[in-house]
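turn this into a structure:
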Amino acid sequence: MKAEQKSLTNQFAVIDALISQNQLPSALKELKKVEKKAFDSWSYIGIYKRYNKLGESLAAEKILKKALKKNDDNEELIAVYSNLLLRQNRFAEASKYTEKLKGTKYASLNSELILRKALLEDNISADAFYKDSQFYQVYYDAYKGSLNPIWLRNCALCNLRSGSYDIAVALAPEAYADADDAFFWALVLYDGGHFYECLDSTDYARHFLNNYADKSAFKTSEIQLAALESDAYMAVSDIEKSELARRDIVMGLDSLKTKTADEALLPVMVLNSAIWARNQGLEDRCADLLFYMVNRWENYTPAIILYSDFAYTSNLERKEDEEILALRRAGLATLEMQKYDNRRKIPLSDAMYRIEKAAAVTKDPYLSIAKLDLTYKMNPNVTEREKNRDLWVILEESYDENEKYKTLLVQYALNFLLRTKQYEDAFNLFKRYIEDINVTLLGSDEQDLFSWPSFVENLRLYDIQIVEFAAWFAAFYHMRNEAIRLYEYCVYESGGILEEGFISQNVSIASCMNLAEIYFAERQKEKALDLYGRAAGRESRNSTRSEIFYRIARIYVAMGDKKNALRSAEYAASLYPENARASVLKDKLQK
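Predicted coordinates:
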């Protein structure tokens, strides 16, 4: 056999020489002689290859069929013949052979058949390729056969869609092909809760961008990378680095060259920086960013609502003590008084104008709620009873209107009723709303639709804000088990990432603090400390952070740890000097 193989190899070399010298008839004649000496799959494939070079397609196919008759389970022969049939769009014939290649190193040919057939013959929509799980193995086999990372991305999309975040993360390659590839996997890692690895991937993506002459060749941009980095730092409670990640973008807005995908990110980034500046007491910087936003993106609802709130608070006059009033009567002013008197103010009328103008264009129900709220704030003579009456009238009128508006209005009304201590009315409104939702979502038509067991069982059907209200009501009515379950869902489960200790990015800080307080009351002090610590890392308002560290100090006092209690109380008082409880506790511990 070795002698035959050597002889066949020599004859192939002669034929190749004849082809290269363009002596095609002689080459064809020699090839027909060699055909009789073929003894294994590779010799048949060698003959097939040379028939193709000579343009003898019929003879090429004939030799493959002959080989397959002798050895119908040979993977190489099946793969070569499948490839021939696919190149000729003979899908029905090819399917008989590619099916045998599943699980082999040639499985990508079966993947190609399925995808091409689905696209050309079955008329499957493009979206289905990323939503239908039947294509998952097809993509993975295609990756194994080609090592092209785009196929792995398709697999990851299938996993993300089904909620299998860990599997999607596990597919990430050891090395990235380019900036777009690195950015895609950074997004996957973020969705999977691997935030530090996400930041590493954004660094790789930026390296690709900075070392490529034509950055426009990539879909990924510096703005997209900065936005993702900012979110990742926020997710790990590093607020300062989150702000730094977007600062260069925010401070250079007018000189930026943006792509279409960037336009949706920019207003969000600027808004986050405005909120950060306001929480740090940087009112002038916050005002500058707000003015920029409402003029550049005049229909961007979150910016208009923040602009409205800033307008209201900037026009509030503080209550001054007798010492400051005496200085004013004498025509004197301290530097702090001058700073306060020269603070930036936004006219309430301008805020109302912008709300009405944007609402007329967008029809956004958030703006309708913002308008109602600002109307009450602009008219201090409206009594609580009149507000109460207006709210109930509006709630009745919205009963059959757009569901989103109804939900927002209910949330606004619940906040108002709880703030004004109308607890029973608030709970009745909450129950009525849930009953309406249950009819729509669960198809129930019973008279009394609300029950705590049913609500707890179907938590994912409701907005997280509604579940937070439910948790508050459960705690208020001393329903211990329900309150803990609901708060733990909001804090740890509502975001979809179930990693131990990970706090959902959708939950409010208030809910985190309430659950930590319940843990403390339940004598689970370590869990309370851990949750308070994580909540403090996510919060940028010094007043709220001060309250959190005051509560941490209380827990340390209960544990008999005076050193850490004093340290926490001192930090709470330094963060927000107006926190009287923190100052009192600090003084008490220092004695």
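
below-threshold pLDDT in the stretch 51-200 of the chain: ranges please.
Confidence mapping of the stretch 51-200 of the chain against pLDDT under 70 gives the ranges 119, 121-132.

and the strands in it?
For the stretch 51-200 of the chain, applying DSSP state E, counting those that start in this stretch gives no strands.

show me where it has helices.
57-70, 75-87, 91-98, 107-120, 128-131, 136-146, 149-161, 165-170, 179-191, 195-210 (DSSP state H, counting those that start in this stretch).

what's the most buried one of these?
When you average the neighbours per residue for each of the helices of the stretch 51-200 of the chain (mean count of other CB atoms under 10 Å), helix 179-191 leads with a mean of 23. Every residue, glycine included, has its C-beta placed from N, CA and C.

can you list the helices of the stretch 51-200 of the chain in a markdown table and add distance to Ala274?
Shown next, in a markdown table, are these (distance: least, CB to CB, whole Å):
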| stretch | distance to Ala274 |
| --- | --- |
| helix 57-70 | 68 |
| helix 75-87 | 56 |
| helix 91-98 | 57 |
| helix 107-120 | 46 |
| helix 128-131 | 36 |
| helix 136-146 | 42 |
| helix 149-161 | 31 |
| helix 165-170 | 31 |
| helix 179-191 | 23 |
| helix 195-210 | 23 |
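
closest one to Lys387 among those?
helix 179-191 (41.7 Å; CB to CB).

please name every helix or strand in contact with the closest one.
With contacts defined as 3 or more CB pairs under 8 Å, 6 or more residues apart in numbering; DSSP states H and E, helix 179-191 has these neighbours: helix 149-161, helix 165-170, helix 195-210, helix 222-235.

which residues touch that helix?
If you take CB atoms under 8 Å, 6 or more residues apart in numbering as the criterion, helix 179-191 is touched by 149, 153, 156, 160, 165, 168-169, 171-173, 176, 195, 197-199, 201-202, 204-206, 208-209, 212, 218-220, 224-225, 228, 231-232, 235.

apply 6 Å and report the result again.
149, 153, 156, 165, 168-169, 172, 176, 197-198, 201-202, 204-205, 208-209, 218-220, 228, 232 (CB atoms under 6 Å, 6 or more residues apart in numbering).

and that helix, how far out from the chain middle?
Helix 179-191 sits 11 Å away from the centroid of its parent chain (CA atoms, centre = their mean, to the nearest Å).

could you list the low-confidence segments of the chain?
Scanning the chain residue by residue, the ranges that satisfy pLDDT under 70 are 1-6, 119, 121-132, 397-405, 441-448.

let's check: the centremost residue of it is which one?
Per CA atoms, centre = their mean, the C-alpha nearest to the average position across the chain is that of Asp191, at 5.7 Å.

that one and Ala156: what is the separation?
Distance of Asp191 to Ala156, given as CB to CB, to the nearest Å: 9 Å.

okay, buried residues for the helix or strand harbouring Phe310 please.
According to DSSP states H and E, Phe310 maps onto helix 301-314. Buried residues in helix 301-314, counted by 16 or more other CB atoms under 10 Å: 301-312, 314.

repeat that for stretch 493-504.
Residues 493-495, 497, 502-504 are the ones in stretch 493-504 that count as buried (16+ other CB under 10 Å).

what would those look like in TSV with distance to Met251 and secondary structure?
Shown next, in TSV, are those (distance: CB to CB, whole Å; DSSP: H, G, I helix; E, B strand; the rest coil):
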residue	distance to Met251	secondary structure
Glu493	38	helix
Ser494	34	coil
Gly495	30	coil
Ile497	32	coil
Phe502	32	coil
Ile503	30	coil
Ser504	31	coil
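
please identify which of those is nearest to Asp73.
Nearest to Asp73 among these, with distances taken as CB to CB, is Ile497, at 46.5 Å.

ok, the closest one - contacts?
Gly193.

chain center to stretch 77-92: distance?
With CA atoms, centre = their mean, you get 42 Å for stretch 77-92.

quick one: contacts of it?
So stretch 77-92 is in contact with 41, 45, 64, 67-68, 93-94, 97-98, 100, 106, 109, 112, 117, going by CB under 6 Å, 6+ apart.
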